[in-house]
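# Model the following, please.
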Amino acid sequence: MLNPEKANIGEGSSGRVFVDLSASPRAIKHFIPESSERELALQEQSIYHEYWLGHAMDHPNIARSHELWHEDDEWYMSMELIPFSLLDLLDYDAYNDEPWSFLSMSCLFWQMLNAVAHVHSLGVAHRDLKVENFMVSHDGTVKLIDFGSASVFRDPVTGHHVHHMENRVGTLITMPPEAESEEFIDLEAADH
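Residues are numbered from 1 along each chain as shown. From the prediction side, this is the model:
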């Protein structure tokens, strides 16, 4: 059995992430169980959705989900372990005597845009784009993480746009202003 208390490396509204060094190093997301049966059923759908999106997106700038399992009435998902938070690297730069060069910053930003462009090319909106959801590998590759708020905005068969009424998804401070409305919003545009 995994012990999520040992090496906690992140926490969000749906769970916490810790490092598992038992076989090959990987990140494990432990989903905090909902309290009611109805909420638990909705959470299970959301967990499957997050897993399959992270598993299906084969792109160098997107973190992959590897496995999903249920153990002792709780859900776990293993993912690619990416050691550095982009936010931490940018914060470090703010206190460093030699700040990031324009070329280095451009490279990071290009990789972020490349990840979002790939997600959108598949008809999916991330819906929680923020610097905290980008990580950086040892070789400097930027990777988009956390597809827990993601939604399909384009039907993969017909190519038609799918409308969503649930606008207030993601992190409040980074939501676009139109998310406050009662109208349908263009999820792809809201991700920009």
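# switch to C-alpha atoms for all contacts and neighbour counts from now on
Noted.
# Outline the domain layout of the chain.
Domain ranges of the chain: 8-79, 84-190, per automatic domain parsing.
# For the ones you listed, give me a markdown table that also has mean neighbour count.
Output for the domains of the chain, formatted as a markdown table (neighbours: other Cα atoms under 10 Å):
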| stretch | mean neighbour count |
| --- | --- |
| domain 8-79 | 16 |
| domain 84-190 | 16 |
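# which residues touch residue 76?
For residue 76, the contacting residues are 28-31, 68-70, by Cα atoms under 8 Å, 6 or more residues apart in numbering.
# how much space between it and residue 17?
9 Å (Cα to Cα, to the nearest Å).
# Overlap of the contact sets of those two?
Shared contacts of residue 76 and residue 17, defined by Cα under 8 Å, 6+ apart, comprise 28-30.
# In strands only, show me these.
Per DSSP state E, strands hold the following members of the shared contacts of residue 76 and residue 17: 28-30.
# which one among these gets closest to residue 117?
Nearest to residue 117 out of these is residue 29 (Cα to Cα; 25.2 Å).
# dump the residue contacts of the closest residue in space to that closest one that isn't next to it in sequence.
In space, residue 29 comes closest to residue 17 once its chain neighbours are excluded; the distance is 4.3 Å by Cα to Cα, 6 or more residues apart in numbering. Residues near residue 17 by Cα under 8 Å, 6+ apart: 4, 8-11, 27-30.
# Now do the helices in this structure.
Using DSSP state H, the helices of the chain run over residues 37-56, 86-95, 102-121, 187-190.
# Specify the angle between the third one and helix 37-56 in degrees.
Taking axes from the mean of the first three to the mean of the last three Cα atoms, to 10 degrees, helix 102-121 and helix 37-56 form an angle of 120 degrees between their directions.
# Dump helix 102-121 to PDB, restricted to CA.
What follows is helix 102-121 as a C-alpha-only set of coordinates in PDB (Å, rounded to 0.1, in the frame of the first residue of the first chain):
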ATOM      1  CA  PHE A 102      15.100  36.800 -23.200                       C
ATOM      2  CA  LEU A 103      16.000  33.700 -25.200                       C
ATOM      3  CA  SER A 104      15.500  31.400 -22.200                       C
ATOM      4  CA  MET A 105      12.200  33.000 -21.300                       C
ATOM      5  CA  SER A 106      11.100  32.800 -25.000                       C
ATOM      6  CA  CYS A 107      11.900  29.100 -25.000                       C
ATOM      7  CA  LEU A 108       9.800  28.400 -21.900                       C
ATOM      8  CA  PHE A 109       6.900  30.400 -23.200                       C
ATOM      9  CA  TRP A 110       7.100  28.700 -26.600                       C
ATOM     10  CA  GLN A 111       6.800  25.300 -24.900                       C
ATOM     11  CA  MET A 112       3.800  26.500 -22.900                       C
ATOM     12  CA  LEU A 113       2.100  27.700 -26.000                       C
ATOM     13  CA  ASN A 114       3.000  24.500 -27.800                       C
ATOM     14  CA  ALA A 115       1.300  22.400 -25.100                       C
ATOM     15  CA  VAL A 116      -1.900  24.500 -25.200                       C
ATOM     16  CA  ALA A 117      -2.000  24.400 -29.000                       C
ATOM     17  CA  HIS A 118      -1.800  20.600 -28.900                       C
ATOM     18  CA  VAL A 119      -4.600  20.300 -26.300                       C
ATOM     19  CA  HIS A 120      -6.800  22.600 -28.400                       C
ATOM     20  CA  SER A 121      -6.000  20.700 -31.600                       C
END
